[in-house]
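>>> sequence first, predicted model second:
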Amino acid sequence: MPIRTIDDLGDLSGKTVILRADFNVPLKNGVIGDDTRLKATLPTIEALLKKNARIVMLSHLGRPDGQPNTAYSLQPVAEALAALLGRAVAFTPDCLTTPDEGDLVLMENLRFYAEEEKNDRAFAEKLAAHGDIFVNDAFSTAHRAHASTHALAQLRPACAGLLMAAEIRALDAALENPERPVAAVVGGAKVSTKLDVLTHLIKKTDLLILGGGMANTFLAAQGFAVGKSLHEADMLDTARRIISEAEAQNCRLVLPLDVVVAEEFAENAPSSCVDVNAIAAEKMALDLGTKSIQHIISALESCKTVLWNGPLGAFEIKPFDAATVAVAQYVAQRTQKGSLTSIAGGGDTVAALAAANAKDGFSYVSTAGGAFLEWIEGKTLPAIAVLEDAAKAA
Ligand code: AMP
């Protein structure tokens, strides 16, 4: 990996590390709804403490629009971190006044200042005054050049925390240096929101498996009637272009053979499985059918790597979760047997794999939505690019 991580740092006695974390937790009336993001950062905090560093932590929370707003205060996060770590976490009610006390300090929400999202250099200089070394562990904001993720990284020796490093390693194993054959499973609602993902993945993978509402658009593009199914009539030419580009790139496209249809988008709506040439005008395709599932599983059999984004059907309502569950469980089992590397992330994917009881079986499931998607679109993530520059300069 062309970036440095905290594993490359020696003893940090007498040094203060400025740690940019992602503590953007769901918060209601000061109560944290889900502490996954806090737990995900604990290994980095613990490793830095072991190296005897003093740590000043920075994060954003929600969208306070550049104004102080107690509804978005990070104070409850300081208390939750203290409980998780079993040690005191000092809290400073502003992110600009350098704290002079505490080995482990959390500063107030960076986004109480508009300068943060503007990547303002003078603002970053004030943040840089808090310490000697910059560590970025906030992969989920890596697609944005903000003062605390970009300008700040240019002002201090900079490297990645353990979570950031794990995300980069996983994405590298999926797309940059995968064990081949490599497949991508892409589902979800619309072609229009995944256009860049599809265009990039046909260049990078050997097999592209399509499901979800977006597969209906591809079926319509091939001339099949799709009834009332979710599809984008204005994307048919685009879908045809993707089909021919995939051929030109030697990427095999796997499209549905059959689908599960119903008359309404509702829990336990009466449903049946039909071939893709038999979707009635009053029906909508809400999931892939049994032949499609078998076809996907046999296509995956020879693969060594799978990248997954998006559900294969309307997984939130039963029984239209069946294809997502079956394929996700197959991928998880193969991964657990050691014959497959599986990486998933973006949007609803984490929820879909958790609902399929398959999430823990994957090699890596990214908790970053937007940054994961931009990576699989082939975009440069500015907060990672700046860490690569720092490694070159070191
Ligand atoms: P995305 O955020 O693009 O990954 O889309 C996820 C959403 O697509 C989920 O809410 C699914 O319910 C929905 N979805 C997947 N397949 C279908 C389908 N065949 N018809 C309607 N919605 C679907």
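Everything's here; your move.
>>> for the ligand, give me its nearest residue in the protein.
Proximity of the chain to the ligand (C-beta to the nearest ligand atom) peaks at G188, 2.6 Å away. To be clear about C-beta, it is placed using only N, CA and C from the backbone, and glycine gets the same treatment.
>>> so that residue: helix, strand or coil?
coil (DSSP: H, G, I helix; E, B strand; the rest coil).
>>> I'd say it and G213 touch.
Yes: shown here, G188 and G213 form a contact pair, counting by C-beta atoms under 8 Å, at 6.9 Å.
>>> what lies in contact with stretch 221-229?
Contact with stretch 221-229 is made by 213, 216, 219-220, 235-237, 239-240, 243, 255, 259, 261, 263, 276-277, 279-286, as judged by C-beta atoms under 8 Å, 6 or more residues apart in numbering.
>>> out of those, which are inside helices?
G213, N216, L219, A220, L236, D237, A239, R240, I243 (DSSP state H).
>>> now that we have those residues, which one has the most neighbours?
N216 (29 neighbours; other C-beta atoms under 10 Å).
>>> any bit of the helix or strand encompassing S342 sitting next to the ligand?
Using DSSP states H and E, S342 sits in strand 341-344. No: using C-beta under 6 Å from any ligand atom, we find that strand 341-344 stays clear of the ligand, coming within 11.5 Å at best.
>>> past that strand, which element shows up next along the chain?
helix 349-355.
>>> partner strands of whatever helix or strand comes next after that next one, with direction?
Scanning forward in sequence from helix 349-355 by DSSP H and E, the next helix or strand is strand 364-365. Taking DSSP bridges as the criterion, strand 364-365 forms sheet pairs with strand 341-344 (parallel).
>>> pull out the buried positions in the strand it pairs with.
T341, S342, I343, A344 (16 or more other C-beta atoms under 10 Å).
>>> so which residues of the stretch 51-200 of the chain form helices?
75-85, 114-117, 121-128, 162-171, 195-204 (DSSP state H, counting those that start in this stretch).
>>> list the contacts of the third one.
It refers to helix 121-128. By C-beta under 8 Å, 6+ apart, helix 121-128 touches 18, 58, 95-96, 110, 113, 115-116, 134, 147-148, 150-152, 154-156.
>>> how about a cut-off of 7 Å?
With C-beta atoms under 7 Å, 6 or more residues apart in numbering as the test, helix 121-128 has contacts from 18, 58, 95-96, 113, 115-116, 147-148, 151-152, 155-156.
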